[in-house]
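1. 3D, please:
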Amino acid sequence: MPFRRMCFVTVLFAASLSGQRFSTATRQQDLNYVASQVPKLHANFFFQLDPATYQKAVAALQAQISTLTDAEFYVQLTALISLAGDAHTTIYLADSTAFNAGFQQFPLQFRWLDDGVFVTAAASPYAQALGARLVKVGDFPIDQVVQKLGAIIPHANDQWLHYFAPQYLNSQQVLQGLDLLPVAATSALTFQTLGGTQFTLQVGPSSAGALQTAPDPTAGPLPDYLQQASQNYWYTYSPANRMLYFKYNKCADDPNNPFAAFAAAVLATLDTQPVDTLVIDFRGNTGGDDSVISPLLNGLATRAPALLANPRLRVYDVIDKGTFSSGMDGAMEIKSTALQTAAQFPALNLGGVFVVIGEPTGGKPAEYGSVNKFTLPGSGLDGQYSTKYLPNPTGIPDLPSFMPDVTISTRSTDFFARYDPVLGAILGRVGGVPPAPSGNVITVNGASFRADQGIAPGSFATAFGSFSQTPDQVTVNGIAGQFIGGSTSQVNFVVPASIPPGTATISVRAGGMELASGQAAITAVGPGIFVLAGANPSQPGAVENQDYSVNGSSNPAAPGSVVQIFATGYGQLSGSPQVFFADVPAQILFSGPIAEYPGLWQINAIVPSTLSGQIPVFIAAGNLTSNAVTIAVH
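-> This next block holds a predicted model:
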């Protein structure tokens with residue numbers, strides 16, 4: 001397969017770039033290079049760009065070459081090269097050459113999650129921001145900030161823009177160069193807590209010391225996909241789940257752990273251990289050398305007949321917005337091979353065996369790539385350009401992204417609760433999430449307040465809307481549910497137990513008159529765990545210890561003890577649910593609805609003896625998974 005590479009390194013910078021460090025002559029060298037040389041080097045620079053438009057943009061920057069600050073000039077030069085619309089062709093503003101040019105970084109780290117951009121690491125003076133959402137840069141709301149960043153982050157889809165934006169949100173000079181921040185020693189960044197409180201910090205760039213992180217890796221287990229990030233690749237085997245998990249962080253061979261030998265060890269585990277679930281995780285893999293993974297994929301291909309003899313086998317191909325370039329190529333190769341094999345041997349019935357799961361990729365299936373690097377002759381800033389066109393593989397549609405078969409999003413309450421909802425969906429054999437609610441009434445699971453976890457008959461539900469008066473009734477397909485209480489924006493109720501699964505009409509009423517209505521999916525089971533403090537990003541759960549005291553950091557459960565988990569969504573469950581502490585399955589002693597409290601589901605489970613610290617807990621039932629809550633174990 002072709003070679004693609006995308007290398008962006010985020011570092012902390014200390015030099016100042018507030019004025020004109022580079023002469024007009026130096027800038028002219030760089031502008032000339034981008035204006036004339038890069039289009040010649042690129043395989044097809046004008047594949048979607050009018051050359052006249054490009055020359056007009058060059059002239060506009062030429063007219064300002066002596067009046068702009070360095071930050072403004074080099075940000076605009078990056079915007080110029082980005083006009084090509086090739087995500088592989090750009091100037092690096094967040095690597096070591098940018099450090100040498102004076103670009104500075106805030107001592108913060110951001111992550112784009114499904115509900116916004118959140119602070120995941122911070123220097124101690126700014127620890128207040130940990131777990132909070134970035135809502136404003138200077139005077140600009142985050143949506144406007146990202147729109148401006150889109151001019152200097154070449155992208156084929158919003159996924160890549162969202163993945164890469166946190167690196168430039170961290171760069172004071174990039175934000176100043178976009179005229180989002182004034183030139184000053186510190187910059188105003190505004191954050192919002194999960195509880196809705198906003199606060200502004202004056203943040204200065206710094207290269208000092210280690211950052212505090214959230215979640216804290218020393219306080220409890222992190223999900224697999226966040227572990228060993230410095231390793232190009234690693235794997236683990238879970239006997240309890242009969243699962244082999246391979247994390248592919250970077251398409252590059254490690255001389256200290258050559259991939260050929262590594263792949264042999266992975267395949268040996270597959271040969272000698274019972275495996276019902278094989279996970280190949282490409283999340284955050286932005287590329288490198290396509291050929292590195294070949295020994296593993298070839299080994300899997302030769303073992304396919306033996307593997308497929310196991311009727312319980314599922315192979316999960318995991319992707320997200322950070323899956324790009326060669327990382328995406330590997331993920332697409334697995335899917336393409338599965339499609340071709342299924343077409344060639346229909347008797348194998350491969351439908352559902354190979355599942356692409358997660359988020360749409362940041363890369364585009366058909367794109368320019370196979371990059372070479374360049375160095376601007378004046379400033380020394382580095383960049384890269386594409387040398388060839390790479391078509392989409394057989395069976396993979398040429399959409400803006402390589403799309404998952406099962407879409408699973410990660411929210412801030414998942415991330416900070418140490419929960420990987422993708423792995424949760426894999427362990428729960430989730431084949432898809434219920435359709436989103438619609439209409440003037442948005443009805444969600446009454447424990448998690450999430451629409452993707454199901455609303456089961458006889459369970460708690462919450463309906464949100466804008467009501468002209470306080471409701472006193474909710475009906476589901478014309479049948480009244482048990483009304484619990486409400487306001488002009490929210491109403492809580494118990495879904496009638498007689499409602500069958502399927503799309504239902506939710507009507508919010510007062511005095512017999514309908515105030516608003518909407519559509520919601522009723523599922524046979526809809527697990528959701530109640531949260532004690534919804535504004536706490538770590539989501540402490542409604543869980544009691546063995547002595548019936550409420551679990552908490554000051555009142556932890558003992559390993560091996562029994563805890564009582566309070567949830568909703570038991571519905572029409574047949575068989576037993578699964579409860580996981582982190583990704584360790586627990587022994588369940590009791591599971592069932594509580595007759596005196598309609599809608600409430602209680603599960604008594606034994607805390608695995610191997611765990612300690614802040615532990616995520618979730619339920620899998622009916623091919624759906626719950627939200628995760630955390631409990632303290634010590």
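2. Look up how far residue 490 lies from residue 461.
-> Shown here: residue 461 relative to residue 490, a distance of 11 Å by Cβ to Cβ, to the nearest Å. C-beta coordinates here come from the backbone N, C-alpha and C atoms, glycine included.
3. Neighbour count: these two, which is higher?
-> residue 461 (29 against 15; other Cβ atoms under 10 Å).
4. Contact partners for the more buried one?
-> Neighbouring residues of residue 461 by Cβ atoms under 8 Å, 6 or more residues apart in numbering: 443-446, 455, 481, 492-495, 520.
5. Determine how far the top helix by length along the chain lies from the middle of the whole chain.
-> Longest helix in the chain by number of residues (criterion: DSSP state H): helix 325-344. Remark: helix 325-344 is offset 22 Å from the chain centroid, using Cα atoms, centre = their mean, to the nearest Å.
6. Restricted to strands, list the contacts of residue 461.
-> When strands are assigned by DSSP state E, the members of the contacts of residue 461 inside them are 443-445, 492-494, 520.
7. Would you check how far apart the residue lying closest to residue 88 once chain neighbours are set aside and residue 137 are?
-> Spatial nearest neighbour of residue 88, chain neighbours left out: residue 386 (4.6 Å); criterion: Cβ to Cβ, 6 or more residues apart in numbering. Distance of residue 386 to residue 137, computed by Cβ to Cβ: 31 Å.
8. Ok, residue 211 next?
-> When residue 211 is compared with residue 137 (using Cβ to Cβ), they lie 19 Å apart.
9. cool, residue 634 as well?
-> Taking Cβ to Cβ, one finds residue 634 at 40 Å from residue 137.
10. again with residue 476
-> Distance of residue 476 to residue 137, computed by Cβ to Cβ: 44 Å.
11. Which strands and helices lie in contact with the secondary structure element (helix or strand) that residue 616 belongs to?
-> According to DSSP states H and E, residue 616 maps onto strand 613-621. Judged by 3 or more Cβ pairs under 8 Å, 6 or more residues apart in numbering; DSSP states H and E, strand 613-621 is in contact with helix 421-427, strand 528-529, strand 562-568, strand 578-581, strand 629-633.
12. try it again with 7 Å
-> Under the contact criterion of 3 or more Cβ pairs under 7 Å, 6 or more residues apart in numbering; DSSP states H and E, strand 613-621 touches strand 578-581, strand 629-633.
13. tell me the most buried of these?
-> Ranked by mean neighbour count, those are led by strand 629-633 with a mean of 26 (mean count of other Cβ atoms under 10 Å).
14. That strand versus strand 562-568: what angle between them?
-> Interaxial angle of strand 629-633 relative to strand 562-568 (axes from the mean of the first three to the mean of the last three Cα atoms, to 10 degrees): 170 degrees.
15. List of residues touching strand 629-633?
-> Strand 629-633 is contacted from outside by 417-418, 529, 531, 538-541, 543, 551-553, 556-557, 559, 563, 607, 611-617, using Cβ atoms under 7 Å, 6 or more residues apart in numbering.
16. Mind jotting down where the helices sit in this structure?
-> Under DSSP H, the chain gives helices at 24-32, 38-41, 51-63, 70-82, 96-101, 142-149, 158-169, 172-177, 259-272, 294-302, 304-308, 325-344, 412-415, 421-427.
17. now the ones you listed in a markdown table, with mean neighbour count, distance to residue 486 and mean pLDDT?
-> Below are the helices of the chain laid out as a markdown table (neighbours: other Cβ atoms under 10 Å; distance: least, Cβ to Cβ, whole Å; pLDDT from 0 to 100):
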| stretch | mean neighbour count | distance to residue 486 | mean pLDDT |
| --- | --- | --- | --- |
| helix 24-32 | 17 | 62 | 97 |
| helix 38-41 | 15 | 60 | 98 |
| helix 51-63 | 13 | 55 | 98 |
| helix 70-82 | 24 | 49 | 97 |
| helix 96-101 | 19 | 53 | 88 |
| helix 142-149 | 17 | 31 | 98 |
| helix 158-169 | 23 | 35 | 98 |
| helix 172-177 | 26 | 43 | 96 |
| helix 259-272 | 15 | 53 | 98 |
| helix 294-302 | 16 | 53 | 95 |
| helix 304-308 | 14 | 52 | 89 |
| helix 325-344 | 21 | 45 | 92 |
| helix 412-415 | 24 | 23 | 98 |
| helix 421-427 | 26 | 29 | 98 |
